[in-house]
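Undergrad: Fold the following and give me the result.
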Amino acid sequence: MDANYFLLGRAADPSGLSYWVNQLAGGTSDESMISGIMGSAEFYSDVSGA
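TA: Just a heads-up that it's a prediction; the model follows:
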């Protein structure tokens, strides 16, 4: 998942990958997926350096 690597600097873990693949297959937009990743605690931690 390129968005995961670009936003978090790492490959998707198996459970995260499975979750987003299922979400996208169910009609979730790419934009919603990116918003979900950017709204995660991990993203905020990486951005803030905490």
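Undergrad: remind me which residues of this protein are low pLDDT?
TA: For the chain, residues meeting the criterion pLDDT under 70 lie at 1, 50.
Undergrad: which residue ranges form the strands in it?
TA: Assigned by DSSP state E, the strands in the chain number zero.
Undergrad: and the longest helix for it?
TA: helix 14-25 (DSSP state H).
Undergrad: Gln23: how many residues sit nearby?
TA: The burial count assigned to Gln23 is 14, neighbours taken as other Cβ atoms under 10 Å. C-beta here means a position set from N, CA and C on the backbone, and glycine is covered the same way.
Undergrad: ignore the last one, Ser32
TA: Look at Ser32: counted by other Cβ under 10 Å, it has 13 neighbours.
Undergrad: Could you pull up the residues touching it?
TA: Under the criterion of Cβ atoms under 8 Å, 6 or more residues apart in numbering, the contact partners of Ser32 comprise Gln23.
Undergrad: now do 10 Å
TA: If you count contacts by Cβ atoms under 10 Å, 6 or more residues apart in numbering, Ser32 has them with Trp20, Gln23, Leu24.
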